[in-house]
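Chemist: sequence unknown, structure follows:
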């Protein structure tokens, strides 16, 4: 079966990367797929998450746990055997480690984090099913160096480039350093997850659409001490400004997809992304 045939079987409810007029499309699927009996979030937490598209959990990791992850990242950095691994990225000028993809496949400590009930149970509860890791990564961004990134929805990319048919995925982002508003902390539009913003061939959402949604939903920031976590729907609009402060902006990022939402062929790309960027191994996570 060809990629075109697979795409035709999976009806594209969210067309994007299109030439001509783009669209704001109302989301079909729910945001929360279960109730308070199925996990640590109570009815109020779930209702707020459904309305806003994200939840913040302060102190998900203790200071000692945060330090343990920094120690593990140093161990990976000095491991000469990983220098040529495509899952690790290094700064071309300084040689410093900047990101690790599929980090849960490289480190047992990060594997344990994926299985941690504080993380896994929230993902399962919101998605109403067993889950698997669509993507994991660690970003290590020193102060003065981060240019930020434009507004986007993770689901738009995952749909276009990975073949994720429905927005039934969540991400858990855990800060490894204190996140300050002055340091370009992540901005989010609460409630924007109910609208799919289609993009043009340049892969960017139109500024007119961003302006409209910002006027409707407003903009908030995810700030907090190291160890705080952001549980975010895959379709919520978010972006980040540049960081000209001396403080780093570093985090662990785990993206969970429902096992009932497996990837098909990309809807708006000619080829699949590498496995470490978009896993097609639908392996249910066990404790």
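Modeler: That came through fine. Everything numeric in this text was worked out from a predicted model, so none of it was measured.
Chemist: If you average the pLDDT over the lengthiest helix in the chain, what comes out?
Modeler: The longest helix of the chain (DSSP state H) is helix 63-78. Here helix 63-78 scores 96 as its mean pLDDT.
Chemist: Remind me what it packs against, helices and strands.
Modeler: strand 97-101, helix 108-115 (3 or more Cβ pairs under 8 Å, 6 or more residues apart in numbering; DSSP states H and E). C-beta: built from backbone N, CA, C; applies to glycine.
Chemist: which residues sit against stretch 25-42?
Modeler: Residues outside stretch 25-42 that contact it (Cβ atoms under 8 Å, 6 or more residues apart in numbering): 13-14, 43, 45-46, 49-50, 53, 55, 117-118, 121-122, 124-129, 166-168, 193-196, 198, 233, 235, 258.
Chemist: pLDDT below threshold where in the stretch 51-200 of the chain?
Modeler: By pLDDT under 70, the stretch 51-200 of the chain has no low-scoring segment.
Chemist: where exactly do the strands run in it?
Modeler: In the stretch 51-200 of the chain, strands defined by DSSP state E, counting those that start in this stretch lie at 54-57, 88-90, 97-101, 131-141, 149-152, 169-175, 187-188, 195-197, listed in chain order.
Chemist: Run through the residues that contact the spatially most central residue of the chain.
Modeler: Centroid-nearest residue in the chain, with Cα atoms, centre = their mean: residue 171, separated by 4.3 Å. By Cβ under 8 Å, 6+ apart, the contact list for residue 171 reads 154, 230-232, 234, 253-256.
Chemist: Kindly report the same for residue 252.
Modeler: Going by Cβ under 8 Å, 6+ apart, residue 252 touches 69, 103, 110, 113, 136-138, 173-174, 176.
Chemist: Then residue 143?
Modeler: The contact partners of residue 143, by Cβ under 8 Å, 6+ apart, come to 183, 243, 245-249.
Chemist: Give the burial count for residue 166, as a bare number.
Modeler: 19 (other Cβ atoms under 10 Å).
Chemist: Relative to residue 13, how far out is it?
Modeler: Using Cβ to Cβ, to the nearest Å, one obtains 8 Å as the distance from residue 166 to residue 13.
Chemist: for residue 92, same thing?
Modeler: In terms of Cβ to Cβ, residue 92 sits 40 Å off from residue 13.
Chemist: re the thing from before, quick one, which of the helices and strands packed on helix 63-78 gets closest to residue 65.
Modeler: Nearest of the helices and strands packed on helix 63-78 to residue 65, taken as Cβ to Cβ: helix 108-115 at 9.0 Å.
Chemist: which SSE is residue 210 in?
Modeler: Residue 210 is part of helix 207-217, with elements assigned from DSSP states H and E.
Chemist: cool, residue 34 as well?
Modeler: Assigned by DSSP H and E, residue 34 falls within no helix or strand.
Chemist: Make 249 the first number, not 1, from now on.
Modeler: OK, 249 is where the count begins now, so the last one is residue 282.
Chemist: neighbours around it, how many?
Modeler: 16.
Chemist: What score does it have for pLDDT?
Modeler: The predicted local confidence for residue 282 is 97.
Chemist: Backbone dihedrals for it, please?
Modeler: Main-chain torsions, residue 282, degrees, to the nearest 10: phi -150, psi -170.
Chemist: any idea how far it is from residue 376?
Modeler: For residue 282 relative to residue 376 (Cβ to Cβ), the value is 4 Å.
Chemist: try residue 475
Modeler: Following Cβ to Cβ, the distance that separates residue 475 from residue 376 is 27 Å.
Chemist: which of those two has more neighbours?
Modeler: Neighbours per residue (other Cβ under 10 Å) separate residue 475 from residue 376, with residue 475 holding more: 22 against 17.
Chemist: The residue lying closest to that one once chain neighbours are set aside: neighbour count?
Modeler: Take residue 475 and drop its neighbours on the chain: the residue closest to it by Cβ to Cβ, 6 or more residues apart in numbering is residue 309, 3.8 Å away. When neighbours are counted by other Cβ under 10 Å, residue 309 registers 24.
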